[in-house]
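Undergrad: All I have is the shape, not the residue letters:
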């Protein structure tokens, strides 16, 4: 509680007559009723009120700051969740593309393996055919050689017999 402000009417002379010096307070009580000693509570009441007001103000400012921090954290959390969601979508997209590319590469590899296998089989067949032809030519040459040797032997015998 704040101390009441009291007014004193000035006396026109130095005498203390009841008419010359009347004391009035703002609430109509006489000054003589006012105790000369103010209690400590009344004296420090404005200070206590000010401290309480500051504490209340500080508390509300703290609450406001905390609420502000919470809002900022929630906003940052929202941003991070959005970024995480975007990264998750990108990761999923990248995984799908990687799987698709892997499947494409596997198909390409299988196609090349099949082509090379076919080429190898074709070359093997060609070489086998060439070898068979060479063997036939060799057998034919051997047979010819045997025939020629036989003819030569026969002619030698004829020549020696003559």
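TA: Ah, there it is. Keep in mind that what you see is a predicted model, and the values were worked out from it rather than measured.
Undergrad: Every contact and neighbour count from this point should use C-alpha atoms.
TA: OK.
Undergrad: Share the number of residues neighbouring residue 109, please.
TA: By the criterion of other CA atoms under 10 Å, residue 109 has 12 neighbours.
Undergrad: ditto for the one 5 residues further on
TA: A count of neighbours around residue 114, defined by other CA under 10 Å, yields 12.
Undergrad: quick one, what contacts it?
TA: Counting by CA atoms under 8 Å, 6 or more residues apart in numbering, residue 114 makes contact with nothing.
Undergrad: and with 10 Å instead?
TA: Residues near residue 114 by CA atoms under 10 Å, 6 or more residues apart in numbering: 108, 120.
Undergrad: Just the pLDDT for it.
TA: In this model, residue 114 is scored at 98, pLDDT.
Undergrad: Number the chain from 558, please
TA: Understood, numbering begins at 558; the last thing we discussed is residue 671.
Undergrad: Now it: which helix or strand?
TA: Using DSSP states H and E, residue 671 sits within helix 597-718.
Undergrad: Identify the structural domains in this protein and state their residue ranges.
TA: 558-594, 595-718 (automatic domain parsing).
Undergrad: Comparing the ones you listed by mean pLDDT, which bottoms out?
TA: When those are compared by mean pLDDT, domain 558-594 comes last with a mean of 46.
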